[in-house]
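Asker: fold the stuff below for me.
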Amino acid sequence: MIKLIFPPPWDTFTAYASIPVLLADLKSRGIEAKALDLNLQMVKQLLTSANLAEAYQKLTAMDVSEYPQDAQGIYRYLDSKAEFIIENIEGSKSRLEEKKYSLTAPPRIDWEAMSLATQLLSFPFYPSLWQRNTYWIYGMPKKRPQTFDDVFRYLENDSNDFFTWAYQREEILPLILEDNPSVIGVSVCTLTQVIPTLALCKIIKKYNNNIHIVLGGPFLRYIRDPIMNTPAIFDYVDSIVLGRGEETLANLYNSISKGLDWKQTPGITCLEQGQVKSNQAASIFNFNRYAPPEYSAVDLKGYLSDDNEISYSSSTGCYWGKCAFCSETQGIDGYKYMVKSPEIVGRELNDIYKNTGIDIFEMTDNAIPPQKALKLADYIIKNNLPIKWSMLARAEAGFGSEELKHLYKGGLRFVSWGIETFTDKFQKYINKGINLETAMKILQNAHEAGIWNHLFVIIGFPGESKEDMLETMNRLEENKEFIDSISLSNFHLHRNTPMFQEPGHYEISIRDGIDNMIDTSYWFDGPDVNLDMPIEGLYGLFELYLSNFHFHSSNFNGFSTAKLIRLLNEVGKTKLREYFTLESYHRTLEIAEVI
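Answerer: Take a look at the predicted model:
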């Protein structure tokens, strides 16, 4: 039997999408498989009033006088909020599981209680700090490991690591080891999951060294080179899958079960005679097939969120695939653009809905092109399905006024538009391929159709001046009537992007010491620009600007995208925008310390 484990830290909104996909694939091949969302179970099992009271006793006994100032600040805040956390955590978990939130009863306080609870439970294990959906380690650059050597040094001392302690608790360890699996597969999605994952592998090997541990997940393919240069990682795991996991995982399990040489399995990376070797995958995975993810095997309604939703991907890679800052352009390890037909997508969504009763879907494709979105809407309309959905999209020709109205009729309620920058200069620089005038018209048409417009905005591109940033800000101001929310981020240089592969073409130089880095954000030097203040200060000013308007995502009051879609359906867009405008005013007053 194969056990698929999703490790912490991550959000607890819904099942991580790849686990149900792998369950369905293994089941179709006659292989028994079960799933454990360890991230969810850590929250549900460990965040209790009794455990938190015990953690608070440890906290009060700590001497933090030599800790960094920011760590001392967290200590003081947790000390002041401990009574609130201990008294409210059980109620917060219950309310999030019951999902009875509304505009008059938002979830923000319960999410705050959850975040503070994870910090209170983990702070006695300083320098590690679990912060609900992320994990910080004081003393490391950027509070996260930069190389595998950082990870290995850290894990040498079990007493420092919160997760090493947590996995061995009586509430958690039996969940990991039950069912006596011969293979355990662990998905690694982010850098912050690397230490918790290897700590998990260490614990599994401690209690049952006969279990074959295989790692997979999207993060690993971004750090292929460091993995290939680090034999020591196989002190923790037996094998790694750097490409798609479906066929490779099944073939690995069959080889192990039959006593064959599993190290010859196509698609497997492993250690052989002291060297890391990676077997070429046997064939390209057939993505365009009917195989509904096995969400019925997961307790979807037990997730801690403000509404039920399901994540679903109908493609891999990106159909545009040219953005200079994006690693999806490279198609590494078989992750080139592959897409399911709208007919198959519609059938699978319908199947999942019938099996689970959940009618809100987050389409996690990097971008869905207009014609595919329209055909999916056609299927939903034709079959009279109650499904509502969100997607990521490029603001490009094809999303006309009538098309967007049709998409709304077909259940589309929320679009995250990847426009990134609102200057023609940097649109060209990052090769986004978007005409800004066309994009602004699309936002207007989508708004008038009733669709929620969420924007991704990046500032701090190499050579971007204060004037460039102000141009983006002015464009947002001019079109704020059609913009509902914004996610703002600072530019980071990532591995496997065109900018990383050809830095000279983009007038940047990458600093030394990156060969073995597992942090996917790299230090670089770009054109000299007079910004008058550090980029962090300009980022803060940009955030302050956004806080004055209804469209800043921090004003969602803790609502998830799924809950926003539900509220859009119940009260309409006008009322929802009025509500968030008022929330924005309150937020501005809080920032100004008026209240």
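Asker: so in this protein, which helix runs the longest?
Answerer: helix 69-98 (DSSP state H).
Asker: can you name every helix or strand that that one contacts?
Answerer: Using 3 or more C-beta pairs under 8 Å, 6 or more residues apart in numbering; DSSP states H and E, the elements in contact with helix 69-98 are helix 49-60, helix 108-122. The way it works is simple: take the backbone N, C-alpha and C, and place the C-beta from them, glycine included.
Asker: of those, which is nearest D515?
Answerer: Closest to D515 of the helices and strands packed on helix 69-98, according to C-beta to C-beta: helix 108-122, at 32.0 Å.
Asker: what packs against that closest one?
Answerer: Looks like helix 108-122 contacts helix 38-46, helix 49-60, helix 69-98, strand 128-130 (3+ C-beta pairs under 8 Å, 6+ apart).
Asker: ok now the last one, how far from the chain's centre?
Answerer: Shown here is strand 128-130, whose average C-alpha point lies 18 Å from the average C-alpha point of the whole chain (C-alpha atoms, centre = their mean, to the nearest Å).
Asker: so what strands line up beside that strand?
Answerer: The strands beside strand 128-130 in its sheet (DSSP bridges) come out as strand 135-137 (antiparallel).
Asker: which SSE is immediately downstream of the strand it pairs with?
Answerer: Using DSSP states H and E, the helix or strand that follows strand 135-137 in sequence is helix 148-155.
Asker: residues making contact with that next one?
Answerer: Contacts with helix 148-155, where a contact means C-beta atoms under 8 Å, 6 or more residues apart in numbering, come from 137, 140, 145, 160-161, 164, 194-195, 198-199, 202, 226, 230, 232-233, 516, 518.
Asker: G513 should be in a strand, yeah?
Answerer: No. G513: not assigned to a strand; according to DSSP: H, G, I helix; E, B strand; the rest coil it is coil.
Asker: can you tell me how far it is from S390?
Answerer: 40 Å (C-beta to C-beta, to the nearest Å).
Asker: ok, those two, which is more surrounded?
Answerer: S390 (24 against 11; other C-beta atoms under 10 Å).
Asker: now stretch 336-345: buried residues?
Answerer: Y337, M338, V339, K340, P342, I344, V345 (16 or more other C-beta atoms under 10 Å).
Asker: tabulate those (CSV), appending distance to L242, secondary structure and pLDDT.
Answerer: Below are the buried residues of stretch 336-345 laid out as CSV (distance: C-beta to C-beta, whole Å; DSSP: H, G, I helix; E, B strand; the rest coil; pLDDT from 0 to 100):
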residue, distance to L242, secondary structure, pLDDT
Y337, 18, coil, 85
M338, 17, strand, 87
V339, 22, strand, 91
K340, 23, coil, 93
P342, 30, helix, 93
I344, 27, helix, 94
V345, 27, helix, 95
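Asker: so A15 is in contact with V298, correct?
Answerer: Yes. If you go by C-beta atoms under 8 Å, A15 and V298 touch, sitting 4.5 Å apart.
Asker: name the element the residue lying farthest from the centre of the chain belongs to?
Answerer: No residue in the chain has its C-alpha farther from the mean C-alpha position than G259, which lies at 37.0 Å (C-alpha atoms, centre = their mean). Assigned by DSSP H and E, G259 belongs to no helix or strand.
Asker: so who does it touch?
Answerer: Contacts of G259 (C-beta under 8 Å, 6+ apart): none.
Asker: now do it against Y379, distance only.
Answerer: Taking C-beta to C-beta, one finds G259 at 46 Å from Y379.
Asker: how about L52?
Answerer: From L52 to Y379 the distance is 48 Å (C-beta to C-beta).
Asker: over to F219?
Answerer: 33 Å.
Asker: how far does the host helix or strand of G418 sit from the chain's center?
Answerer: Using DSSP H and E, G418 falls within strand 412-420. Chain-centre distance of strand 412-420: 17 Å, with C-alpha atoms, centre = their mean.
Asker: what is that strand packed up against?
Answerer: Going by 3+ C-beta pairs under 8 Å, 6+ apart, strand 412-420 lies up against strand 388-393, helix 436-449, strand 452-459, helix 561-571.
Asker: list the buried residues in the last one.
Answerer: By 16+ other C-beta under 10 Å, the buried positions in helix 561-571 come out as T561, A562, K563, L564, I565, R566, L567, L568.
Asker: ok, the third one touching D306?
Answerer: Yes. In terms of C-beta under 8 Å, K563 counts as a neighbour of D306; the distance is 4.5 Å.
Asker: any shared contact partners between those two?
Answerer: Joint contacts of K563 and D306 (C-beta under 8 Å, 6+ apart) are Y101, P107.
Asker: what pLDDT does the model give the residue farthest from the centre of the chain?
Answerer: At G259, the pLDDT value in this model is 95.
Asker: please tell me how far it sits from P124.
Answerer: For G259 relative to P124 (C-beta to C-beta), the value is 46 Å.
Asker: repeat that for I430.
Answerer: From I430 to P124 the distance is 44 Å (C-beta to C-beta).
Asker: same question for E98.
Answerer: 31 Å.
Asker: check E97 too.
Answerer: Distance from E97 to P124, by C-beta to C-beta: 27 Å.
Asker: what stretches of the stretch 251-400 of the chain score poorly on pLDDT?
Answerer: Counting by pLDDT under 70, the stretch 251-400 of the chain shows low-confidence ranges at 282-285, 329-335.
Asker: where do the helices sit along it?
Answerer: Taking DSSP state H, counting those that start in this stretch, the helices of the stretch 251-400 of the chain run over residues 342-356, 370-382.
Asker: make a markdown table out of those and add distance to G73.
Answerer: Converted to a markdown table, the helices of the stretch 251-400 of the chain look like this (distance: least, C-beta to C-beta, whole Å):
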| stretch | distance to G73 |
| --- | --- |
| helix 342-356 | 43 |
| helix 370-382 | 46 |
